[in-house]
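> No letters, just coordinates:
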């Protein structure tokens, strides 16, 4: 009998399958072949190791796979990157308009002090948009402030346009603030819907066992404790 045929039969026997060759013939070959004996010992050790190995955590594996799919393949992931890029572009456009005003101190007929105040607000808005684009978790906190500012700018612009105190061209730069707020709001929505990875076991909140005694620091003192301490010291 050839070794390859004997080993196929031995492998089938380890797996509980039907042996294609008679068992006495396989055992007779095994008794006189040291190579097949070594092969059988290695196969038995490998089979034992596989059978007693712990099963993989399929739930954790599934969570990791789903998180990877949500981050890289889902449409929300692509939209999130597009919104962050748009925020950067709006912020850079805001800085391009604001920096000359801060340096030159001239914004049409506005007083110098008012020009500096408006320039500081516009520069802060641009920097805030850049920070939100870098860390989207900040978008939700900024959305309310920028939203109120955009609403006030649009309201005052409409009043001044109706009164004839300004023109559409002069008020057009305020649309950057409105665009920034819309992008912040959308980024905050996408950030809230983004799946979160589960906390490691070491960081999971623990709950005290039922009936466990809690040391609150307000235990009623035992009147005999002082006497016992005095006796020990004596």
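Arrived safely, thanks for sending. What you see is a predicted model, and the numbers here were worked out from it, not measured in a lab. Residues are numbered from 1 along each chain as shown.
> who's in contact with residue 187?
Neighbouring residues of residue 187 by CB atoms under 8 Å, 6 or more residues apart in numbering: 80, 83, 84, 87, 132, 136, 139. For glycine as for every other residue, the C-beta is placed from the backbone atoms N, C-alpha and C.
> Swap in 10 Å and give it another go.
Counting by CB atoms under 10 Å, 6 or more residues apart in numbering, residue 187 touches 79-80, 83-84, 86-87, 132-133, 136-140, 142-143.
> In which helix or strand does residue 125 reside?
Applying DSSP states H and E as the criterion places residue 125 in helix 112-134.
> Return the set of buried residues in that helix.
115, 119, 122, 123, 125, 126, 128, 129, 130, 132, 133 (16 or more other CB atoms under 10 Å).
> Could you give the average pLDDT over it?
Averaged across helix 112-134, pLDDT comes to 82.
> Which SSE is immediately downstream of that helix?
Taking DSSP H and E, what comes next after helix 112-134 is helix 139-163.
> Tell me the spacing between the closest residue to residue 5 other than its chain neighbours and residue 100.
Nearest residue to residue 5, sequence neighbours excluded (CB to CB, 6 or more residues apart in numbering): residue 21, at 6.2 Å. Here the criterion is CB to CB, to the nearest Å. By it, residue 21 lies 91 Å from residue 100.
> same deal with residue 190?
34 Å.
> Could you check which of the two is surrounded by more residues?
residue 190 (18 against 13; other CB atoms under 10 Å).
> Show me what counts as buried in the helix or strand that contains residue 84.
For residue 84, the element it lies in under DSSP H and E is helix 75-104. Neighbour counts using 16+ other CB under 10 Å place 76, 80, 83-84, 86-87, 90-91, 93-95, 98, 101-102 of helix 75-104 among the buried residues.
> circling back to that earlier point, thought residue 30 was touching the residue nearest to residue 5, still the case?
No - taking contacts as CB atoms under 10 Å, residue 21 lies outside contact range of residue 30: 11.4 Å.
> out of the two, which sits in the more crowded spot?
When residue 21 and residue 30 are compared for neighbours, residue 30 comes out ahead with 19 against 15, by other CB under 10 Å.
> Could you name every residue contacting both of residue 21 and residue 30?
1, 6, 9, 10.
> So which other helices or strands are in contact with the host helix or strand of the second one?
In other words, residue 6. Secondary structure from DSSP H and E places residue 6 in helix 3-14. Helices and strands touching helix 3-14, by 3 or more CB pairs under 10 Å, 6 or more residues apart in numbering; DSSP states H and E, are helix 23-32, helix 34-52.
> Quick one: low-confidence residue ranges for this structure.
Judged by pLDDT under 70, the chain has its weakly predicted residues at 50-76, 104-114, 195-234.
> switch the cut-off to 90
1-81, 94-125, 136-138, 140-145, 149-150, 153-154, 156-157, 160-161, 163-176, 190-234 (pLDDT under 90).
> Quick check: can you list the domain ranges of it?
Annotated domains of the chain cover 3-52, 63-192 [automatic domain parsing].
> re the thing from before, which single one of the buried residues of helix 75-104 is nearest to residue 163?
Set against residue 163, the nearest of those by CB to CB is residue 101 (23.8 Å).
> For the helix holding residue 6, give me every contacting residue.
1-2, 17-23, 25-30, 33, 35-36, 39-40, 43-44, 46-48.
> Emit the ChimeraX select command for whichever of these are buried.
Selection of buried members from the contacts of helix 3-14 for ChimeraX, criterion 16+ other CB under 10 Å:
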select :26,29,30,33,36,39,40
